[in-house]
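Asker: Need a 3D model of the following:
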Amino acid sequence: MGYLQVLGAVSIWAFFNGVLVKGIKTSGVGVGLWTGLIGVGIFTLSLDYQILSSLDKNQLIGLTALGLFSALNNSCFYTALKISISNAALFHYLAPMLVIFWSLSLPIFYKPVSYLEIAALAIGFGGIAFVALPKLRGGNSKLVYLGLGSAIFYSLEIVLSGYVSKELQVVPEISSLFKLIFQAGVMFILATALKESVKVQEPKEWLKIFAAGLLLYLSFILYFSGSATVDPIHLGFMGYIDRIGAIALGALIFKETISKNVWVGGILILSASLLLLF
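Answerer: The predicted model follows:
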């Protein structure tokens, strides 16, 4: 059952990132803002409020930092997905390798790093170079900056998620609620900085947005329930359904072409993250 739950969650994320973000007729931050609000609404109807009242100062600070970096990550990621799903996804999944950098540079997250992990980081950066250089030469630097921003903020979200869960003993449902609250609030502010409108272009798009918000909420519940019983290595493998699935769906539905550089860079990035699993 745990494996089926995780499979359901990563499949939802592949569909959300590969189809819904680009398919809904508003900006990337618009999709994040409205689906975040729907998720917050569902959580507030089902949440045990005694858990919220018991949070101490350190937990609130950790959750605030987690929510902020999660919102910055998704603001960059969803905006990049509107430009190119394959490129945005590959930049986004450089994040597990960047976690190594934070483990070495920030004392609060310090842990020993092996030579194999450093090799994976080097391979990942090599893959990003293959993907990014043609974009910089072709004048499409916005995608590169958004992609790198997504990777950096996502890597910080990863280390903070572990810290909040393990060190501060915050239950996953509360972490998800804070992520969604900050996603809605920060994306509203960043829409101006990114020069993006959060207006939904057609009334019928609201049905898609509501369905996307429900799916996002369901994916959190499935993933947190399943990850409690699934081996961490297997969790990593199943995460490839999200990575590769989003790129495949984008190519199939939106007819996105995948260049030679993206193929080479993508293989390097995904191979590097695979290497980290061991």
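Asker: What segments of the stretch 151-278 of the chain are helices?
Answerer: 172-193, 205-227, 232-253, 260-276 (DSSP state H, counting those that start in this stretch).
Asker: Just put these in JSON lines and tack on distance to F15, mean neighbour count and mean pLDDT.
Answerer: In short, each C-beta sits where N, CA and C put it, glycine included. Output for the helices of the stretch 151-278 of the chain, formatted as JSON lines (distance: least, Cβ to Cβ, whole Å; neighbours: other Cβ atoms under 10 Å; pLDDT from 0 to 100):
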{"stretch": "helix 172-193", "distance to F15": "18", "mean neighbour count": "20", "mean pLDDT": "87"}
{"stretch": "helix 205-227", "distance to F15": "7", "mean neighbour count": "18", "mean pLDDT": "86"}
{"stretch": "helix 232-253", "distance to F15": "7", "mean neighbour count": "17", "mean pLDDT": "80"}
{"stretch": "helix 260-276", "distance to F15": "19", "mean neighbour count": "18", "mean pLDDT": "85"}
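Asker: okay, these in JSON lines with distance to S165 next?
Answerer: JSON lines is the format used below for the helices of the stretch 151-278 of the chain (distance: least, Cβ to Cβ, whole Å):
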{"stretch": "helix 172-193", "distance to S165": "7"}
{"stretch": "helix 205-227", "distance to S165": "10"}
{"stretch": "helix 232-253", "distance to S165": "13"}
{"stretch": "helix 260-276", "distance to S165": "19"}
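Asker: quick one: which of those is nearest E117?
Answerer: helix 260-276 (6.4 Å; Cβ to Cβ).
Asker: Select, out of the helices of the stretch 151-278 of the chain, the one closest to A129.
Answerer: Smallest distance to A129 across the helices of the stretch 151-278 of the chain (Cβ to Cβ): 7.3 Å, for helix 260-276.
Asker: how about the helices of the stretch 151-278 of the chain, which one is nearest M1?
Answerer: Shortest distance between M1 and the helices of the stretch 151-278 of the chain, using Cβ to Cβ, is found for helix 205-227: 7.6 Å.
Asker: from the chain's centre, how far out does that closest one sit?
Answerer: With Cα atoms, centre = their mean, to the nearest Å as the basis, helix 205-227 stands 14 Å off its chain's centre.
Asker: helices or strands next to that helix in the packing?
Answerer: Helices and strands touching helix 205-227, by 3 or more Cβ pairs under 8 Å, 6 or more residues apart in numbering; DSSP states H and E, are helix 2-15, helix 28-46, helix 172-193.
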